[in-house]
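S.K.: following is a predicted model, sequence given first.
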Amino acid sequence: MDKLLGIITANYSTKYPSALSESRPAASVPFMGRYRLVDLALSNMVNCGIHTIGMVMPYNYRSLIDHIGSGRDWDLSRKQGGLFILPGSAFGTSRTGSRFLLRDLEHNRVFLERGTCDLVLLSSANFVYNMDYDDLIAAHRATGADITVLTQQATRKDVDITGFTCEGDRVKGVKHGVEPGDTGFLDCFVMGREFLLQLLDWYQQTDYLDLFEAMAADYDRVDVRTCDFDGYAEGIFNKDTYFKSNMDLLDPAVASKVFPEGRAIRTKNHDNAPAKFELGSHVANSRISGSCRIYGTVTNSILGRGVVIEPGAVVNNSIVMQSCIVRSGARVENAIVDRNNEVPAGTEIKGTSEAPYVKEKPTE
């Protein structure tokens with residue numbers, strides 16, 4: 001019997017979509033050069049011993065399926081349990097902000113009914129953090145709550161993060177957006193499998209709502225408790241928070257919290273050759289993925305697989321995704337360059353640290 005059943009929801013869109021999410025779901029947006037955002041949610045579950053995971057897919061699932069495949073790279077290609085691809089409702093990506101749509105859960109009721117474990121852990125794929133979920137599960141069992149949500153005190157205003165109104169550790173209400181000091185929801189919670197099925201019956205007439213929206217009038221009878229997370233966590237809902245989180249992880253102190261020893265973040269294995277730093281190149285405080293060839297200068301930046309920086313080219317404080325070429329004499333600064341782009345020789349792409357420029361993926 002599995003310790004837990006896991007569900008990752010990917011069938012949603014963001015309120016402020018950018019060129020990065022026009023052709024792919026948020027869960028499959030590249031992160032830190034060699035990863036995708038979904039890798040963190042999958043790895044967190046696998047690292048705490050969850051070996052049966054269902055992933056609710058959006059309609060534009062091609063890049064997500066291409067990345068996760070059968071789940072082999074997360075040790076989820078197995079005879080018992082493993083990775084299950086679950087259909088999302090067509091309503092999912094048309095309604096922004098709802099990461100735990102009741103309709104998506106109801107459409108996959110059979111997956112829940114066939115489970116043999118007593119608890120279900122649900123997560124979205126929009127948050128960057130690395131946590132031992134055993135702590136969340138222990139907190140849930142210790143309080144005897146109906147639902148235990150993973151939270152962190154907000155440090156800035158964010159309209160995309162769900163906020164909770166609390167009395168002590170007891171949730172009394174839900175709101176859209178957080179202000180500094182509010183209790184922010186990290187889009188992860190644990191609850192009883194049978195109780196989740198019961199909630200689906202309770203709210204079957206309002207299945208167009210998010211689970212926590214549907215419970216708005218019932219927080220007095222449903223015992224929802226918080227479990228505070230004190231590590232690094234960043235919600236990625238637009239290009240600005242995406243850029244910030246990537247840049248944050250160039251700080252070794254922050255990177256050690258997201259990539260600690262013993263809790264690896266797994267990703268699809270590409271069997272790339274190592275990066276090659278040619279004579280005359282200069283690289284400082286950057287994350288360089290496999291198969292890159294560096295002839296020019298790269299500082300405070302992140303390069304995806306197979307990127308080529310030609311002689312005389314400069315990349316500073318930027319994210320350059322897979323299979324891009326920055327030609328001789330070109331300069332990229334405070335920018336996000338999506339995959340398969342070519343920056344022509346002598347040109348300049350420049351944004352600011354607060355408002356990075358995004359060069360979208362070329363039309364195939």
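M.R.: Nice, thanks for sending it over. Numbering: from 1, shown residues only.

S.K.: show me the helices in the protein, by range?
M.R.: Per DSSP state H, the chain has helices spanning 37-47, 62-68, 102-107, 109-113, 133-143, 193-202, 211-214, 239-248, 252-258. These are given in chain order.

S.K.: pLDDT score assigned to the closest residue to T162 other than its chain neighbours?
M.R.: Closest residue to T162 apart from its sequence neighbours, by CB to CB, 6 or more residues apart in numbering: F185 at 4.1 Å. Bear in mind the C-beta positions are built from the backbone N, C-alpha and C, glycine included. The confidence metric pLDDT takes the value 96 at F185.

S.K.: hey, what's F185 bridged with?
M.R.: Judged by DSSP bridges, the bridge partners of F185 are T151.

S.K.: surely it and F164 touch.
M.R.: Yes - applying CB atoms under 8 Å, one finds F185 in contact with F164, separated by 6.1 Å.

S.K.: now the common contact residues for those two.
M.R.: Shared contacts of F185 and F164, defined by CB atoms under 8 Å, 6 or more residues apart in numbering, are found at V149, T151.

S.K.: compare those two (neighbour count), which wins?
M.R.: Taking other CB atoms under 10 Å, F185 and F164 do not tie; F185 has more neighbours (26 against 21).

S.K.: state the distance from the more buried one to D251.
M.R.: 25 Å (CB to CB, to the nearest Å).

S.K.: now do R221
M.R.: According to CB to CB, R221 stands 44 Å off from D251.

S.K.: more neighbours: these two, which one.
M.R.: Taking other CB under 10 Å, R221 and D251 do not tie; D251 has more neighbours (12 against 8).

S.K.: need the per-residue pLDDT for the more buried one.
M.R.: 97.

S.K.: what about it, distance to R287?
M.R.: Applying CB to CB to D251 and R287 gives a distance of 11 Å.

S.K.: one more: A355?
M.R.: 22 Å.

S.K.: ok, these two, which is more surrounded?
M.R.: The neighbour comparison of A355 against R287 (other CB under 10 Å) goes to R287, with 18 against 11.

S.K.: quick one, strands of the stretch 51-200 of the chain?
M.R.: Using DSSP state E, counting those that start in this stretch, the strands of the stretch 51-200 of the chain run over 52-57, 82-87, 119-123, 127-128, 147-153, 158-167, 170-178, 183-192.

S.K.: I'd like these as a markdown table, with distance to E333 appended.
M.R.: Formatted as a markdown table, these follow (distance: least, CB to CB, whole Å):
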| stretch | distance to E333 |
| --- | --- |
| strand 52-57 | 37 |
| strand 82-87 | 40 |
| strand 119-123 | 35 |
| strand 127-128 | 23 |
| strand 147-153 | 32 |
| strand 158-167 | 26 |
| strand 170-178 | 31 |
| strand 183-192 | 31 |
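
S.K.: so what's K359 bridging to?
M.R.: V337.

S.K.: is it true that it touches K350?
M.R.: No - K359 is beyond contact range of K350, at 10.9 Å (criterion: CB under 8 Å).
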